[in-house]
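>>> coordinates only, sequence not included:
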């Protein structure tokens with residue numbers, strides 16, 4: 001048997017003490033749980049801040065690269081579109097002597113066509129022979 005204190009406890013006192021002890025235990029557990037939750041939330045917020053900073057750096061770098069690329073592309077386009085001679089839409093064009101006259105088309109003789117055809121067929125045959133080797 002357990003030793004009893006000098007003064008006798010009544011059953012009502014013991015239930016109140018047990019209830020108070022349970023409430024204290026619950027409050028301690030709740031405080032520990034809330035402390036852990038607060039620690040994790042602060043950790044997540046710091047991770048979020050780090051991720052936001054990295055994403056902002058990536059965005060700024062990509063914007064700079066796109067701006068540089070845009071300038072280079074603009075220069076390349078201006079080089080390609082600049083043409084020699086008269087500017088597009090120039091009214092200083094050479095008019096044909098007779099507006100109804102169309103330029104004459106060149107006509108190739110049948111012998112010349114046959115020679116060119118045979119030469120091209122010989123080129124293709126030699127290329128196919130090289131591929132088969």
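That came in fine, so what should we check first? A quick note: this is a predicted structure, and the numbers were derived from the prediction, not measured.
>>> how distant is the lengthiest helix in the chain from the center of its chain?
When the chain is parsed with DSSP state H, its longest helix is helix 11-81. On the basis of C-alpha atoms, centre = their mean, to the nearest Å, helix 11-81 is displaced by 23 Å from the centre of the chain it belongs to.
>>> now do that helix, average pLDDT.
On average, the pLDDT along helix 11-81 is 85.
>>> so how far is residue 102 from the spatially most central residue of the chain?
Residue closest to the average C-alpha location in the chain (C-alpha atoms, centre = their mean): residue 62, at 9.4 Å. Distance, residue 62 to residue 102, using C-beta to C-beta, to the nearest Å: 55 Å. For the C-beta atoms, the positions are set from N, CA and C on the backbone; glycine is no exception.
>>> try residue 24
Plainly put, residue 24 is 109 Å away from residue 102 if you go by C-beta to C-beta.
>>> run a quick neighbour tally on residue 76.
By the criterion of other C-beta atoms under 10 Å, residue 76 has 10 neighbours.
>>> for residue 16, that is, sorry about that
Neighbours around residue 16, by other C-beta under 10 Å: 11.
>>> and if you look at the one 3 residues further on?
Neighbourhood size, residue 19 [other C-beta under 10 Å]: 10.
>>> what secondary structure does residue 103 sit in?
Judged by DSSP: H, G, I helix; E, B strand; the rest coil, the three-state class of residue 103 is coil.
>>> and it, what pLDDT?
According to the prediction, residue 103 has pLDDT 72.
>>> likewise for residue 114?
For residue 114, pLDDT reads 97.
>>> any idea how far residue 68 is from it?
Plainly put, residue 114 is 57 Å away from residue 68 if you go by C-beta to C-beta.
>>> likewise for residue 111?
Per C-beta to C-beta, residue 111 is found 59 Å from residue 68.
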